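Undergrad: following is a predicted model, sequence given first.
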Amino acid sequence: MGAIFRWVFWVTMLAISVPMQLYAACQIVGTTPDGGYIIVCDGPDTIGVASGDGSDIITINTGVPVSKTDQQSTNSTATAAATIINAQGGDDQITNTGSVRANASMTIKAEDFIATHLGNDETNASVAGIAAATGIDGGRSTLKNSITNNGMIEVTATSTVKGGQIQLELFDVTKADATLTANATATGIKGTDNNEIVNNSTILVTSTASVTAWTGEVNVLDQATANTTITPSATSTGITGGTGYDRITNAGVISATATSNATVSIGEVNLFDLAVAGAGIGTEDVPMEARATGINAGDAGSKIVNTAAGKITAHAESSANLESVVLTLYDFTVV
Ligand SMILES: [Ca+2]
Ligand SMILES: [Ca+2]
């Protein structure tokens, strides 16, 4: 219920404060029997729709652009998120015959991390940049959400993490972890439980995650452990179902592209005695990855139909560049 009131509040506020602008053109024009809303977007809108747990009927009229951008830049862990239509609970009927564009962009320029530790200390320097963009989210359902795209859905998520200089001076029994993570997730259409989803037109999803690190120096003495890990992860999905039964039909074009890149430059590692140091891209639990999927039926039994007119392309690319790493090892050292 809170979400309903927030939405109404937003519309009211904007209508009152900036009546000459047309960016809140998705309006409530009626209600449905279970307390949901009938919402029609009939002009350019940059707010999008966040409705409630009733069964809503949401329509974006022909030629109408609905878009939303969340672009952020900071120096510590942060999230940028943009969802155009968030229908939440209830058996929502959503039809797009206009254009839906979601763009989430996160840029982190991490500060330098310099640590000098003696004795039995632990230190952790972790920075994560997260960007998540979704075109249409049907949310939860009792029976099913029905989502039809007859227009354009274009979703872009970009996460860029630039590490500062990492310099570690460790002595004795010391543990230090420095991780840099960039996650970018772009989804065209999704729903949580049961969904009937039809694409008759175009869905383009693009995710890009990149981490640039570390112009660093690591000096480790005795039984110290130092780990520096960088992990970019990009996921693009055209249509994804939920945990229940989904019926997904594609008679249009779905194009999903995911790109991840890690660049590590000019590192110098000096290790003495029983030191253990790791400098890596990704880990076994959290690997570097780029994943592009046209249609994912989600969990449970589902049906996917790609008609003769349907065209699906998915392209994922991961690249890692390691440049000029200097290692100096003495005695019983494991790298
Ligand atoms: Ca709803
Ligand atoms: Ca729903």
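TA: Looks like it arrived, so ask away. Ligands and ions are numbered 1, 2, ... in the order given.
Undergrad: contacts and neighbour counts: CA atoms only from here.
TA: Fine.
Undergrad: I figured residue 161 hits residue 230, correct?
TA: No: using CA atoms under 8 Å, residue 161 and residue 230 do not qualify as a contacting pair, with a distance of 9.5 Å.
Undergrad: identify the contacts common to the two.
TA: Common neighbours of residue 161 and residue 230, using CA atoms under 8 Å, 6 or more residues apart in numbering, are 180, 181, 211.
Undergrad: tell me the contacts of the last one?
TA: Spelled out, it's residue 211. 160-163, 180-182, 230-232, 261-263.
Undergrad: for these, pick the one with the most neighbours.
TA: Using other CA atoms under 10 Å as the neighbour test, the contacts of residue 211 are led by residue 232, with 34 neighbours.
Undergrad: with only the CA atoms kept, save the helix or strand harbouring that one in PDB.
TA: Here residue 232 is covered by strand 225-240, with elements defined by DSSP states H and E. The C-alpha coordinates for strand 225-240 follow below in PDB (Å, rounded to 0.1, in the frame of the first residue of the first chain):
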ATOM      1  CA  THR A 225      48.100 -12.700   3.800                       C
ATOM      2  CA  ALA A 226      47.200 -10.200   1.100                       C
ATOM      3  CA  ASN A 227      44.400 -10.600  -1.400                       C
ATOM      4  CA  THR A 228      43.500  -8.100  -4.100                       C
ATOM      5  CA  THR A 229      40.700  -9.200  -6.300                       C
ATOM      6  CA  ILE A 230      38.800  -7.400  -9.100                       C
ATOM      7  CA  THR A 231      35.500  -8.700 -10.500                       C
ATOM      8  CA  PRO A 232      33.500  -7.200 -13.300                       C
ATOM      9  CA  SER A 233      30.200  -8.900 -14.000                       C
ATOM     10  CA  ALA A 234      27.700  -8.000 -16.700                       C
ATOM     11  CA  THR A 235      24.300  -9.700 -17.200                       C
ATOM     12  CA  SER A 236      21.800  -9.000 -20.000                       C
ATOM     13  CA  THR A 237      18.500 -10.700 -20.400                       C
ATOM     14  CA  GLY A 238      15.800  -9.900 -22.900                       C
ATOM     15  CA  ILE A 239      12.900 -11.700 -21.200                       C
ATOM     16  CA  THR A 240      13.000 -13.600 -18.000                       C
END
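Undergrad: how far is it from where the chain is centred?
TA: Between the mean C-alpha location of strand 225-240 and the chain-wide mean there is a distance of 10 Å, by CA atoms, centre = their mean, to the nearest Å.
Undergrad: what does the helix or strand just after that strand contact?
TA: Stepping forward along the backbone from strand 225-240, the first helix or strand reached (DSSP H and E) is strand 246-250. For strand 246-250, the external contacting residues (CA under 8 Å, 6+ apart) are 194-200, 241, 297-298, 301-307, 310-311.
Undergrad: list the buried residues for strand 246-250?
TA: Of the residues in strand 246-250, 246, 247, 248, 249, 250 count as buried by neighbour count, 16 or more other CA atoms under 10 Å.
Undergrad: ditto for stretch 294-305
TA: By neighbour count with 16+ other CA under 10 Å, stretch 294-305 contains the buried residues 294, 295, 296, 297, 298, 302, 304.
Undergrad: who in the protein is up against ligand 1?
TA: 52, 53, 54, 55, 56, 87, 88, 89, 90 (CA under 5 Å from the ion).
Undergrad: ok, the fourth one - how many residues close by?
TA: The number of residues packed near residue 55 is 26, by other CA under 10 Å.
Undergrad: with the one 10 residues further on instead?
TA: Taking other CA under 10 Å as the neighbour definition, residue 65 ends up with a count of 24.
Undergrad: in the stretch 201-335 of the chain, what residue is nearest ligand 1?
TA: Of all residues in the stretch 201-335 of the chain, residue 242 sits closest to ligand 1, at 15.6 Å by CA to the ion.
Undergrad: my read: that residue touches residue 301, true?
TA: No: with contact defined as CA under 8 Å, residue 242 does not reach residue 301; the gap is 10.3 Å.
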